[in-house]
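Visitor: next input, structure requested:
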Amino acid sequence: MRPIHYQRQIEGISAVLMPFRPDGRPDYDAFQAHLERTLDAGLIPAVNMDTGYVHLLTPQERREVLALTSRLARGRPFVAGAFVEGESGDLVALYCRETDLIQAHGGMPILFQSTALISLPEAELVEVYRQVAARCERLLAFELGPMFAPFGAIYSLAVIEELMHIPQVVGIKHSSLRRDLEWQRLDLRDRVRPDFRIYTGNDLAIDMVIYGSDYLLGLSTFAPYEFARRDAYWAQGDPRFYELNDVLQFLGHFAFRPPVPAYRHSAAQFLQLRGWLASDATPPGAPRRPDSDREVLAVILEKLESLV
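Guide: Below you'll find the predicted structure:
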């Protein structure tokens, strides 16, 4: 069990939902508005992520998201996914093409896993990271559990340690939805490279931040202001952290129940209830939640609003 790190400053990165229009096209106006909310809340936005339907966007749509984010950020930090799933060719060259583009727009790349990457022997996989990182000022790694996407995988601790030895790789998002695996990574970080960031992607255990993780969460796109308030409470030693965290965690357990990828529709439902989206539309083929979920989400929203 990890010790609790009281009153630590939490670095919050929020994976921003890509809203869709009823005609199945990305709603860039709604995306821009929500990106601005995320920035205004003081969170670092992450775009072209799983929450942003990166796997269903065309390359041109992903570039449009990147350009729009760069314009709105106006020099403020943001993270963007380097996504190459489904493409053929030299894997290092494919990833470098994406990381170069992200950096040219002022963002920090996070290297999205792909079927080709996770199929490699461990030594070759680490070498891909090493070669891509050599072209980057700063790079994030990513472990995505297969419950989120079939091209994701959770690495061995040996791989994680090798990634920690790559200077440009400054952190990793860990999305196994398991506390024990994340605690192992935190212990390893403390021994090997204390400045390395472990970003929890555990939407079912968002209190991992009290044990030394930071976060890169899809759940925070439901409530960026509330997450920022929760983080401030923890840094200040304010006991109101616990009640607000509990309500946000209830939202996480409800929204991220199986099938997990349907959480994106839960986010659209929740943001529509908040008056922030005109539609809860999703792209063709994306899993959806029943309309009856709205009653539960409305109760959670009322409770959140009462706390902030």
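
Visitor: what sits up against the helix or strand harbouring Y199?
Guide: Applying DSSP states H and E as the criterion places Y199 in strand 197-200. Residues outside strand 197-200 that contact it (C-beta atoms under 8 Å, 6 or more residues apart in numbering): 11, 13, 140, 170-174, 182, 185-186, 189, 206, 208-209, 212-217. For every residue, glycine as well, the C-beta is placed using N, CA and C.

Visitor: same thing with stretch 300-308?
Guide: When contacts are defined by C-beta under 8 Å, 6+ apart, stretch 300-308 is touched by residues 223, 225-226, 229, 240, 243-244, 247-248, 250-251, 254, 270, 273-274.

Visitor: quick check: mean pLDDT across that stretch?
Guide: The pLDDT scores in stretch 300-308 average 95.

Visitor: got the buried residues for that stretch?
Guide: Across stretch 300-308, burial judged by 16 or more other C-beta atoms under 10 Å covers 300-301, 303-304.

Visitor: isn't there a strand covering S14?
Guide: Yes - judged by DSSP: H, G, I helix; E, B strand; the rest coil, S14 forms part of a strand.

Visitor: what two of the buried residues of stretch 300-308 are the furthest from one another?
Guide: Among these, the pair separated by the greatest distance (C-beta to C-beta) is L301 and K303, at 7.3 Å.

Visitor: for the stretch 201-308 of the chain, what spans make up the helices?
Guide: Per DSSP state H, counting those that start in this stretch, the stretch 201-308 of the chain carries helices over the ranges 224-236, 240-255, 263-273, 293-307.

Visitor: nearest to L111, out of those?
Guide: Across those (criterion: C-beta to C-beta), the nearest stretch is helix 263-273, sitting at 21.4 Å.

Visitor: for the closest one, packing partners?
Guide: helix 240-255, helix 293-307 (3 or more C-beta pairs under 8 Å, 6 or more residues apart in numbering; DSSP states H and E).

Visitor: got the angle for that helix vs helix 240-255?
Guide: Computed by axes from the mean of the first three to the mean of the last three C-alpha atoms, to 10 degrees, the angle separating helix 263-273 from helix 240-255 equals 120 degrees.

Visitor: alpha carbons of helix 263-273, as PDB, please.
Guide: Extracted in PDB, the C-alpha atoms of helix 263-273 (Å, rounded to 0.1, in the frame of the first residue of the first chain):
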ATOM      1  CA  TYR A 263     -18.500   6.500 -21.600                       C
ATOM      2  CA  ARG A 264     -18.100   8.900 -24.400                       C
ATOM      3  CA  HIS A 265     -21.800   9.000 -25.000                       C
ATOM      4  CA  SER A 266     -22.300   9.300 -21.200                       C
ATOM      5  CA  ALA A 267     -20.100  12.400 -21.400                       C
ATOM      6  CA  ALA A 268     -22.200  13.800 -24.200                       C
ATOM      7  CA  GLN A 269     -25.400  13.200 -22.200                       C
ATOM      8  CA  PHE A 270     -24.000  14.800 -19.200                       C
ATOM      9  CA  LEU A 271     -22.700  17.900 -21.000                       C
ATOM     10  CA  GLN A 272     -26.000  18.300 -22.700                       C
ATOM     11  CA  LEU A 273     -27.700  18.200 -19.300                       C
END
